[in-house]
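Student: this one's structure only:
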């Protein structure tokens with residue numbers, strides 16, 4: 001089957017414009033206008049406008065999909081960032097609370113320990129002045145062991161952190177024999193308790209509190225720590241401390257505080273040589289650091305327990321522990337508070353840690369989880385909406401495809417009807433032509449009637465074929481009805497002629513009667529009115 005469509009008609013069909021009406025005028029026929037024909041050629045290509053529309057649809061579809069998923073991902077990432085920021089803010093506040101609490105607790109304990117130590121040092125210094133006044137400044141001395149022990153025992157409440165105080169006198173080797181005869185005992189070594197070997201200078205203990213009375217007659221210069229303390233004390237004129245060591249009786253870690261006792265009052269700008277020359281003895285007291293810090297921690301006990309360590313960091317590469325466990329805790333928070341015990345040579349620090357691990361920041365976790373849950377819910381809703389819209393678009397696309405297929409089928413049907421009608425009308429026109437030629441010959445009345453009836457039947461068949469085509473055109477909205485005058489008498493006559501054979505066989509007579517004579521012209525609109 002060959003098909004051909006004029007370019008102008010095809011353009012009018014594609015663009016939707018109206019072409020010239022095709023008039024099928026004739027007796028008993030309604031004229032119609034038909035805009036456009038259909039091309040059923042197998043190699044027909046869609047017009048450029050259709051391609052543009054297709055690619056535009058593709059771009060909108062996939063661009064919209066990409067934008068929607070990007071929006072979901074961006075919103076999800078933004079929600080995670082906001083949740084992280086909220087968690088960071090609230091967790092920082094949480095940890096800052098514990099950090100500030102630890103700083104305050106550690107600084108408070110360091111300050112109180114330093115104050116109590118300073119008070120005890122002042123009392124020892126006052127006792128050194130007393131010895132200088134009543135022992136060295138009086139001839140004979142106004143102090144002896146009994147009065148010293150009684151006085152220090154009655155004033156021990158002023159030195160609660162000290163296990164005892166003692167006074168050791170400076171003795172040269174040339175004075176040793178007279179000194180030993182005067183006191184009735186010999187100078188002994190601190191560690192071996194044997195007779196102290198000969199040396200240039202001795203510093204035996206002559207007065208001691210009853211709690212440390214075992215130190216009497218022991219040479220303080222025989223101990224390495226005590227010897228270093230004595231030399232620094234008389235050169236500086238200030239209280240000096242030893243490094244931590246085990247106390248003899250309690251076996252606790254402690255330090256010895258030493259003040260030099262001078263024979264006369266020295267000016268503030270005295271030289272080191274003048275101080276060494278004027279030094280007559282040394283007053284010392286033993287601090288039980290472990291008991292001191294333990295009592296302090298008991299006084300400041302709070303709901304939040306902390307672990308305290310006190311270090312002597314004079315040698316920073318090898319710090320010496322003075323109090324506390326020599327192990328670290330699981331807590332990540334720590335605080336270092338400096339300690340000043342009045343010795344410019346010695347440096348001390350207090351290290352504090354929480355006794356338990358810092359609890360998780362529940363408030364931060366709760367707020368961050370809430371934000372994440374809200375963002376997840378919104379993303380889920382947006383994603384579901386996106387999937388729903390995508391499904392609707394896909395369904396619409398399928399419907400469009402089905403619509404195009406249906407339209408193509410209708411076009412094929414219309415093309416088929418047009419072709420069939422053309423093939424039928426060609427021989428029918430020949431039949432009608434032969435009947436017209438037959439009617440032009442010499443026929444009697446009966447033959448003329450038969451020929452006229454055959455011609456009317458042929459025309460009725462042509463009209464039927466045209467009406468079938470009109471129905472196809474109506475389906476596509478390409479038909480327009482017009483008001484055309486026609487002869488009612490002729491139409492009725494043709495109808496009776498068509499059915500005359502059947503009615504005669506059945507014994508039925510059909511008649512029509514019109515009052516007026518001649519042609520009866522009637523005009524009907526598209527609705528048969």
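Tutor: Ah, there it is. Predicted model, so just to flag it, every value in this text is computed and none were measured.
Student: From now on I want contacts and neighbour counts done on CA atoms only, so please keep to that.
Tutor: Will do.
Student: Show me the contact partners of stretch 227-240.
Tutor: 121, 125, 220-221, 241-242, 257-261, 272-273, 275-276, 279, 282, 342-346 (CA atoms under 8 Å, 6 or more residues apart in numbering).
Student: go with 7 Å
Tutor: By CA atoms under 7 Å, 6 or more residues apart in numbering, the residues outside stretch 227-240 that reach it are 220-221, 241-242, 257-260, 272, 275-276, 279, 342-343.
Student: Please tell me which one of the residues you listed counts the most neighbours.
Tutor: When neighbours are counted as other CA atoms under 10 Å, the busiest of the contacts of stretch 227-240 turns out to be residue 260, with 33 neighbours.
Student: That one contacts residue 281, correct?
Tutor: Yes. Taking contact to mean CA atoms under 7 Å, the distance of 6.1 Å between residue 260 and residue 281 places them in contact.
Student: Roughly how far does residue 365 sit from residue 207?
Tutor: When distance is defined by CA to CA, to the nearest Å, residue 365 is 66 Å away from residue 207.
Student: So which of these two has more stuff around it?
Tutor: residue 207 (25 against 18).
Student: is it true that the more buried one lies in a strand?
Tutor: Yes. Secondary structure of residue 207 (DSSP: H, G, I helix; E, B strand; the rest coil): part of a strand.
Student: What separation do you get for it and residue 190?
Tutor: Between residue 207 and residue 190 the distance is 15 Å, computed by CA to CA.
Student: still on that earlier bit, for residue 101, state which of the contacts of stretch 227-240 is nearest.
Tutor: Lowest distance from residue 101 to those (CA to CA) belongs to residue 342, with 27.5 Å.
Student: Spit out the contact partners of that closest one.
Tutor: Residue 342 sits in contact with residue 239, where contact means CA under 7 Å, 6+ apart.
Student: Return the per-residue confidence for it.
Tutor: With respect to pLDDT, residue 342 scores 84.
Student: Over to residue 61?
Tutor: At residue 61, the model reports a pLDDT of 49.
Student: Residue 53 now?
Tutor: Predicted confidence (pLDDT) for residue 53: 41.
Student: Ok, residue 137 next?
Tutor: Residue-level confidence at residue 137 comes out at 82, pLDDT.
Student: That one - nearest residue in space that isn't next to it in sequence?
Tutor: Closest residue in space to residue 137, ignoring its immediate chain neighbours: residue 263 at 7.2 Å, by CA to CA, 6 or more residues apart in numbering.
Student: Go ahead and confirm that neighbour touches residue 282.
Tutor: No. With contacts counted by CA under 7 Å, residue 263 stays clear of residue 282, the gap being 11.1 Å.
Student: And these two? Which one has more around it.
Tutor: With other CA under 10 Å as the criterion, residue 263 and residue 282 differ in neighbour count, and residue 282 comes out ahead with 26 against 18.
Student: and that one, which of the three is it?
Tutor: Three states are possible here, and by three-state DSSP the one that applies to residue 282 is strand.
Student: In the contacts of stretch 227-240, find the pair that's most separated.
Tutor: By the measure CA to CA, 221 and 342 form the most distant pair in the contacts of stretch 227-240, at 22.6 Å.
Student: In three-state terms, label the closest residue to residue 283 other than its chain neighbours for me.
Tutor: Computed as CA to CA, 6+ apart, the closest residue to residue 283 that is not its neighbour in sequence is residue 167, at 4.4 Å. With three-state DSSP as the basis, the three-state label of residue 167 is strand.
Student: Residue 167 against residue 285, yeah?
Tutor: No. When contacts are counted by CA under 7 Å, residue 167 is not listed as touching residue 285 (8.9 Å).
Student: which of the two has more neighbours?
Tutor: For residue 167 versus residue 285, the count of surrounding residues by other CA under 10 Å is larger for residue 167: 28 against 25.
Student: do you know how far the more buried one is from residue 286?
Tutor: In this structure, residue 167 and residue 286 are separated by 12 Å, where distance is defined by CA to CA.
Student: Also residue 276?
Tutor: Distance of residue 276 to residue 286, computed by CA to CA: 23 Å.
Student: List the contacts of the nearest residue to residue 333 once chain neighbours are set aside.
Tutor: Closest residue to residue 333 apart from its sequence neighbours, by CA to CA, 6+ apart: residue 353 at 6.2 Å. The contact partners of residue 353, by CA under 7 Å, 6+ apart, come to 306, 307, 308, 331, 333, 334, 335.
Student: So residue 353: helix, strand or coil?
Tutor: strand.
Student: Which strand residues bridge it?
Tutor: When assigned by DSSP bridges, residue 353 has beta-bridge partners residue 307, residue 334.
Student: Kindly provide the distance from it to residue 93.
Tutor: Distance of residue 353 to residue 93, given as CA to CA: 19 Å.
Student: same check, this time on residue 141
Tutor: Shown here: residue 141 relative to residue 93, a distance of 66 Å by CA to CA.
Student: what's residue 356 sitting at in phi/psi?
Tutor: phi -130, psi 170 (degrees, to the nearest 10).
Student: Would you mind giving me the confidence score for the residue nearest to residue 137?
Tutor: 85.
Student: quick one, what contacts it?
Tutor: By CA under 7 Å, 6+ apart, the residues touching residue 263 are 132, 136, 278, 279, 280.
Student: Could you list which of these belong to strands?
Tutor: If you go by DSSP state E, those have 279, 280 in strands.
Student: got the contacts of residue 263 as JSON lines, with distance to residue 215 columns?
Tutor: As requested, these are exported to JSON lines (distance: CA to CA, whole Å):
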{"residue": "132", "distance to residue 215": "20"}
{"residue": "136", "distance to residue 215": "21"}
{"residue": "278", "distance to residue 215": "24"}
{"residue": "279", "distance to residue 215": "20"}
{"residue": "280", "distance to residue 215": "18"}
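Student: Please, a PyMOL command that selects the buried ones among the contacts of residue 263?
Tutor: The command below creates a PyMOL selection of those among these that count as buried (16 or more other CA atoms under 10 Å):
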select buried, resi 132+136+278+279+280
